[in-house]
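K.L.:
Based on what follows, work out the 3D shape:
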Amino acid sequence: MALNGAAWLTAGLVLCLLGVLALLEAWRRRGRPHAPWLVGGWALLLVSAVPFFHAASGESGVAAWMTAAGLLPLVVIGLRTEWRRAPDQRRKPQRVSAAGAGVDPGTSAASTPWRTAAVVGLALPVFGVASLMLGMGVVRNGPGGAGEQLMSAALITPLVWGLGMAWACADPRLSRTLAVAGVVAALGGLLYLLP
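P.N.:
You can find the predicted model right below:
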């Protein structure tokens, strides 16, 4: 009896979730023996690719597996995080620097819930679109033949996206972060429009 696509997909999601939970347990056990949890978590994440490949054809299976392996940790961490503030901290967030309680650390990139939402919006979709535009420009008018252009775009796009996310999380000025994303997108658009 062969398994259908939904059963393969469910098996892949369960294995991926178990891998994420094992990696979370390895993180919690810092300082204590955690190697089995770490190795087991990564092994489960890698093994979870097989059911995704069976659930969908090659490229679709890879995309589904990578999406699940990227989103499940966010969901697990989001569900395990307490999002409420204490009643005395609702009006003014208390910031404490490494230098001590009396030293103001300044404005961080994510010092309030609205700034946090803005940073997440800049880091994920804005820099994602900007890096995709750069990748499309490289595919269209990059150096080399078609294979080299595609490979260059496949390497450049996630690298630029990751650097952009790091920039968005580290830079306290949101306007500068948006400007950097605009420059990356403009560069991609120029590459795409070149004859």
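
K.L.:
give me the element Val75 is part of.
P.N.:
Using DSSP states H and E, Val75 falls within helix 58-79.

K.L.:
Alpha carbons of the worst-scoring helix or strand of the chain on mean pLDDT, as CSV, please.
P.N.:
For the chain, using mean pLDDT, DSSP states H and E, the weakest element among its helices and strands is helix 58-79, scoring a mean of 82. Backbone C-alpha positions of helix 58-79 (Å, rounded to 0.1, in the frame of the first residue of the first chain) are rendered in CSV as follows:
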residue,chain,number,x,y,z
GLY,A,58,11.8,17.5,-7.0
GLU,A,59,11.7,21.3,-6.9
SER,A,60,8.4,21.5,-5.1
GLY,A,61,9.5,19.0,-2.5
VAL,A,62,12.7,21.0,-1.8
ALA,A,63,10.8,24.2,-1.5
ALA,A,64,8.2,22.7,0.8
TRP,A,65,10.9,21.2,3.0
MET,A,66,13.0,24.4,3.2
THR,A,67,9.9,26.4,4.0
ALA,A,68,8.8,24.0,6.8
ALA,A,69,12.3,23.8,8.2
GLY,A,70,12.5,27.6,8.2
LEU,A,71,9.0,28.4,9.6
LEU,A,72,8.5,25.7,12.2
PRO,A,73,11.3,27.0,14.5
LEU,A,74,9.6,30.5,14.3
VAL,A,75,6.2,29.0,15.2
VAL,A,76,7.7,26.9,18.1
ILE,A,77,9.6,29.8,19.5
GLY,A,78,6.6,32.1,19.1
LEU,A,79,4.3,29.7,20.9
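
K.L.:
circling back: tell me which residues of the helix holding Val75 come out buried.
P.N.:
Across helix 58-79, burial judged by 16 or more other CB atoms under 10 Å covers Gly61, Ala64, Trp65, Ala68, Ala69, Leu72, Pro73. From N, CA and C alone the C-beta is placed, and that goes for glycine too.

K.L.:
Make CSV out of the residues you listed and add distance to Val184.
P.N.:
Compiled in CSV, the buried residues of helix 58-79 are given as follows (distance: CB to CB, whole Å):
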residue, distance to Val184
Gly61, 30
Ala64, 27
Trp65, 27
Ala68, 27
Ala69, 25
Leu72, 28
Pro73, 26
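
K.L.:
Can you tell me which of those residues is nearest Arg32?
P.N.:
Using CB to CB, Pro73 comes nearest to Arg32 of the buried residues of helix 58-79, at 21.4 Å.
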